[in-house]
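A.B. asks: Here is a sequence together with a model predicted from it:
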2 protein chains.
Amino acid sequence: MEKDVCATSCVNRSRVERVINAFPEETLLYGATEIFKMLADPNRLRLLHALSQEEMCVCDLAALVEVSDSAVSHQLRLLRTARLVKCRRAGKMVYYRLDDQHVENLLQEGLRHAEEG
Amino acid sequence: MEKDVCATSCVNRSRVERVINAFPEETLLYGATEIFKMLADPNRLRLLHALSQEEMCVCDLAALVEVSDSAVSHQLRLLRTARLVKCRRAGKMVYYRLDDQHVENLLQEGLRHAEEG
DNA sequence: ACGATACATGAATAATTGTTCAGACGTTCA
DNA sequence: TGAACGTCTGAACAATTATTCATGTATCGT
């Protein structure tokens, strides 16, 4: 002799709905996810940390994190398409820098959080 | 007739050294990486966003992101070991909440950054 | 004590992400 | 123009991460 159609189980429907309604827009959410993905790798963090100090070319960056030029180039492409870094060509070289101040904030905030563990 | 021992290539040694010396400690860097990894998934972002508003039990959270209890439980374990969430048992249920304010800051900062893309 | 409910876990599989390797492109300099 | 250098790219392979499924543990109501 059940009272309601749905098996109510333990789920608090109204709570769930309330929280779902407060969700950020999908595009925002996926945007943030992509940014965090970019920050979720130690070498990319090193690259970004380096670039927060000075502009550098690809082979400097490769030397920095001790991987092949190719590997760095792949990583830089990811960072570029995620709009975390920008680049300019100067002769044979390509110099990278952070796209904006925001990136550095996130990076610092993450490191600060890690400090407290 | 080479001047120096190392093939200098294009690498700016002094620049690279300077930047390497400024690197954050390894433990910090890896700590930050782990945190960002946790944030690098849309469902985990949803979970954290929800928990930034109210404490919730596992089956609420599963309903929220529309995956199995088991899958959510696995994700919650990751968040727990990364110290992003805490939990308390109340009878049969286990209620989760954010571990501290910091997490919410990071989340908000990420969403804000995504807004500008 | 028993069955039912809420949650957790390990192992296998599926999906995603990173690296390497071979080669292409663009620029410089002879 | 062509050889050398710095960088980029695609495809194959390696490594990491997420989900499922089956089963385990804790608590409650009877």
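C.D. replies: That came in fine, so what should we check first? Numbers count the residues shown, from 1 in each chain, chains lettered A, B, ... in the order given.
A.B. asks: what residues does chain A put near DNA strand D?
C.D. replies: With Cβ under 7 Å from any atom of the strand as the criterion, chain A meets DNA strand D at residues A:57-59, A:62, A:69-70, A:73-74, A:76-77, A:87, A:92-94. Every C-beta, even on glycine, is put in place using the N, C-alpha and C of the backbone.
A.B. asks: Give me the contacts around the lengthiest helix in chain A.
C.D. replies: Secondary structure assigned by DSSP state H gives helix A:101-116 as the longest helix of chain A. Residues outside helix A:101-116 that contact it (Cβ atoms under 8 Å, 6 or more residues apart in numbering or on different chains): A:35, A:39, A:45, A:48-49, A:52, A:84-85, A:98, B:24, B:27-29, B:31-32, B:34-36, B:100, B:102-103, B:105-106, B:109-110, B:112-113, B:116.
A.B. asks: Centre of the chain to that helix, how far?
C.D. replies: The chain centroid and the centroid of helix A:101-116 are separated by 11 Å under Cα atoms, centre = their mean, to the nearest Å.
A.B. asks: Do you have the helices of chain A handy? List them.
C.D. replies: For chain A, the helices defined by DSSP H occupy A:13-21, A:26-39, A:42-51, A:58-65, A:69-81, A:101-116.
A.B. asks: Where does the prediction get shaky in chain A?
C.D. replies: Low-confidence segments of chain A, defined by pLDDT under 70: A:1-8, A:117.
A.B. asks: try 80 this time
C.D. replies: Residue ranges of chain A with pLDDT under 80: A:1-9, A:117.
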